[in-house]
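Participant: I need the structure of the sequence given here:
(one chain, ligands or ions: 2)
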Amino acid sequence: MVNITEVKGSGRDHRTAAHTHIKGLGLKSDGTAETLGNGFIGQVAAREACGVVVDLIKAKKMSGRAVMLAGGPGTGKTALALAVAQELGTKVPFCPIVASEVFSAEVKKTEALMENFRRAIGLRVRETKEVYEGEVTELIPEEAENPLGGYGRTISHLVITLKSAKGTKKLRLDPSIYEAIQKERVTVGDVIYIEANTGACKRVGRSDAYATEFDLEAEEYVPIPKREVHNKKEVVQDVTLHDLDMANARPQGGQDVMSMMGQLMKPKKTEITDKLRAEINKVVSRYIDQGVAELVPGVLFIDEVHMLDIECFTYLNKALESPISPIVILASNRGNTVIRGTQDITGAHGVPPDLLARLLIVPTHPYNPQEIQQIIRIRSKIEAVAISDAALQKVSEHGAKVSLRYALQLLTPASILAKVNGRQEINPDDVAECEDLFIDARRSAKLFESSAGFVS
Ligand SMILES: Nc1ncnc2c1ncn2[C@@H]1O[C@H](COP(=O)(O)OP(=O)(O)OP(=O)(O)O)[C@@H](O)[C@H]1O
Ligand SMILES: [Mg+2]
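Facilitator: Ligands and ions are numbered 1, 2, ... in the order given. Down below sits the predicted model:
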């Protein structure tokens, strides 16, 4: 028998990534930004602007529009977009990509873009399902002679009695459901539900009438269902249009959303054609008209948008005008650059003017030395490195002089150097040593210029 125990909190340290400290936009309820909130420091105007965007998305007034976060490197554009995702919660789809992702040898770039558009559009489906629900009071597999002869016997059907607060019902089930019941390890005394049209069986838990019995600690006790055994249950499911595309590219099994979802795990990728998408859109609009489903436009975040080329941009224009479109957030750290795919046409942020005209542009500004110091302090806490005030001062100076990124990069190596030198805490000497070991880009380039042997 396999032993399964619940793990309650592990002692391992959490992994930290570049934006681990960002937990949201840190806005007050009136929409104004706190100087320090949810790990976010400064950049007040941009955070407030993003807060407005979040409100618009939640009010479903933002689909088909696009926002651009524009600012120098390391000014928090990616962090802002991730904070927007956190503010939206898990039910609103958020699909982050980097523009260069769409260039692949196998898939057309517009196809890749379309796929991500559809990942960012959610559909909340309400289904009423006919279910049998109750506590199992009897579970008898009925056997029959094996029809193929021989000595073996097979299960011809299963008799199960379910009890709810309103009564009991005896059901005779198909052997295929018996397998599902065995998989869920259902025994007498469990509360289960069986979906009437698919035969899917789910064990809810152990009936609390048995709560005093000696049992596994991991057992979950649930009350006996209050309604009739045979009843209708409303199930809400969140899927994205892309999930539906994938599921229907290879139809198999039942037609309800759950079995569509089940197919997502299949690794083999089959082609999703425009025709299939059109079909799905039709079904989806019918569901929406009938009130069965509700569209949940999410966010498609395209980082480093200047990497898209002119064809992608015209495609973006078109996609934004479709009736079902997510809100698109773009980010770029370029000023005026040549638009990719053209010879010499330049555009602000590498974006052609017709798309620029559709954008709301949110600028991000460089940080002042105090803000840099605060960001570094937060990061040192998140990365669990102890740092003395003098060393923090020194690292922050690098942040102001070189770049915030460089300063943040120095933290962990400096803490390792401190340990090697037998110190608990980073002090200015460690920072100085680290700075000689890992130089910044400008110094690195200078080195090349000064040494004659290098080709420049
Ligand atoms: N206002 C802020 N408060 C706290 N941390 C921040 C803030 N702004 C940026 N950071 C952190 O600084 C680092 C760099 O920021 P980020 O990656 O968002 O910059 P970016 O604008 O996307 O830069 P690039 O143009 O190079 O992509 C990240 O670790 C980010 O979490
Ligand atoms: Mg970025």
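Participant: and the gap between the nearest residue to Tyr221 once chain neighbours are set aside and Val385?
Facilitator: Nearest-residue entry for Tyr221: Asp208, 4.2 Å, with adjacent residues in sequence omitted and distances by C-beta to C-beta, 6 or more residues apart in numbering. Every C-beta, even on glycine, is put in place using the N, C-alpha and C of the backbone. The gap separating Asp208 from Val385 is 49 Å, by C-beta to C-beta, to the nearest Å.
Participant: neighbour-wise, which of those two wins?
Facilitator: Shown here are Asp208 and Val385; by other C-beta atoms under 10 Å, Val385 has more neighbours (19 against 14).
Participant: the nearest residue to that one once chain neighbours are set aside: neighbour count?
Facilitator: Nearest non-adjacent residue to Val385, counting by C-beta to C-beta, 6+ apart: Ser415, 3.8 Å away. The number of residues packed near Ser415 is 23, by other C-beta under 10 Å.
Participant: residues contacting whichever residue of the stretch 301-450 of the chain sits closest to ligand 1?
Facilitator: Proximity of the stretch 301-450 of the chain to ligand 1 (C-beta to the nearest ligand atom) peaks at Asn333, 3.3 Å away. The contact partners of Asn333, by C-beta atoms under 8 Å, 6 or more residues apart in numbering, come to 70-73, 75, 77, 304.
Participant: narrow those to those in helices?
Facilitator: Lys77 (DSSP state H).
Participant: ChimeraX command to pick out the buried ones of the contacts of Asn333?
Facilitator: One line in ChimeraX is enough to select the buried members of the contacts of Asn333, burial here meaning 16 or more other C-beta atoms under 10 Å:
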select :70,71,75,77,304
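Participant: name the element Arg277 belongs to?
Facilitator: Per DSSP states H and E, Arg277 falls inside helix 274-290.
Participant: beta partners of the residue nearest to His349 when sequence neighbours are not counted?
Facilitator: Excluding the flanking residues, the one nearest His349 by C-beta to C-beta, 6+ apart is Ser332, at 4.1 Å. Beta-bridge pairing for Ser332 (DSSP bridges): Ala70.
Participant: all numbers from here: first residue = 8
Facilitator: Renumbered: residue one is now 8, and that last one reads Ser339.
Participant: these two touch, right, Ser339 and Met75?
Facilitator: Yes: checked against C-beta atoms under 8 Å, the pair Ser339 and Met75 is within contact range at 6.9 Å.
Participant: what's the span of stretch 302-319, first residue to last?
Facilitator: End-to-end distance for stretch 302-319: 25 Å, by C-alpha to C-alpha, to the nearest Å.
Participant: and it, what's buried?
Facilitator: In stretch 302-319, the ones that count as buried by 16+ other C-beta under 10 Å are 302-316, 319.
Participant: can you check stretch 190-204 too?
Facilitator: In stretch 190-204, counting by 16+ other C-beta under 10 Å, buried: 193, 197-202.
Participant: can you pull out the strands in the stretch 258-407 of the chain?
Facilitator: 300-304, 306-310, 334-339, 343-345, 353-355, 366-371 (DSSP state E, counting those that start in this stretch).
Participant: dump those to TSV, plus mean pLDDT and distance to Ser292.
Facilitator: TSV is the format used below for the strands of the stretch 258-407 of the chain (pLDDT from 0 to 100; distance: least, C-beta to C-beta, whole Å):
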stretch	mean pLDDT	distance to Ser292
strand 300-304	87	9
strand 306-310	92	20
strand 334-339	93	20
strand 343-345	92	40
strand 353-355	91	35
strand 366-371	93	28
